[in-house]
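K.L.:
kindly generate the corresponding structure for this input.
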Amino acid sequence: MSEQRWQFEQDGLVISASRVNGKGTVAWCGVSDSRTPGLFLRPVLRDLLEKMKGAEVTVSPLINFVKALDGGGKRIVVLFSETDWQRTHLQCMRAIATTLKHTLVDSLPS
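P.N.:
Residues are numbered from 1 along each chain as shown. Modelled structure (predicted):
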């Protein structure tokens, strides 16, 4: 199977996604200070959910997206950087992941 790639951008936030051989990756880069992030994110996440159905996905965090993927029954790995500003998010996501059957939360050195 050939690799598929997608990229979504808005105001300094870039969401890049790919899928190859049943494995998907979603990466979040940049910063968004939008007062209405859902206007951009909801359609992007709906689109990605369809594109990643049935794939083993590695994804940076957005809780509802992770929960929706977890419901699909495939393994999900949520990776954080070990930078100071992500530490709280990592701990929160680890706590949330205890309620999810297919989700692993881990960190990588910054």
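K.L.:
for the protein, where's the lowest mean pLDDT among helices and strands?
P.N.:
strand 56-59 (a mean of 76; mean pLDDT, DSSP states H and E).
K.L.:
export it to CSV, keeping only CA atoms.
P.N.:
Extracted in CSV, the C-alpha atoms of strand 56-59 (Å, rounded to 0.1, in the frame of the first residue of the first chain):
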residue,chain,number,x,y,z
GLU,A,56,-2.9,1.8,14.3
VAL,A,57,-2.4,5.5,15.0
THR,A,58,0.3,7.5,16.8
VAL,A,59,-1.2,10.9,17.6
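K.L.:
what's the helix or strand that it is followed by in contact with?
P.N.:
Next along the chain after strand 56-59, taking DSSP states H and E as the criterion, comes helix 63-70. Identification of contacts with helix 63-70 by Cβ atoms under 8 Å, 6 or more residues apart in numbering yields 45, 48-49, 52, 57, 59, 76, 78, 93, 96-97, 100-103. C-beta: built from backbone N, CA, C; applies to glycine.
K.L.:
so for helix 63-70, what gets flagged as buried?
P.N.:
Under the neighbour-count criterion of 16 or more other Cβ atoms under 10 Å, helix 63-70 has 65, 66, 68, 69, 70 buried.
K.L.:
nearest to residue 83, out of the residues you listed: which one, please.
P.N.:
Nearest to residue 83, judged by Cβ to Cβ, of the buried residues of helix 63-70 is residue 66 at 19.9 Å.
K.L.:
thinking again about what came up before, pull up the pairing partners for the least confident helix or strand of the chain, direction included.
P.N.:
Strand pairing for strand 56-59, determined by DSSP bridges: strand 23-30 (parallel), strand 76-81 (parallel).
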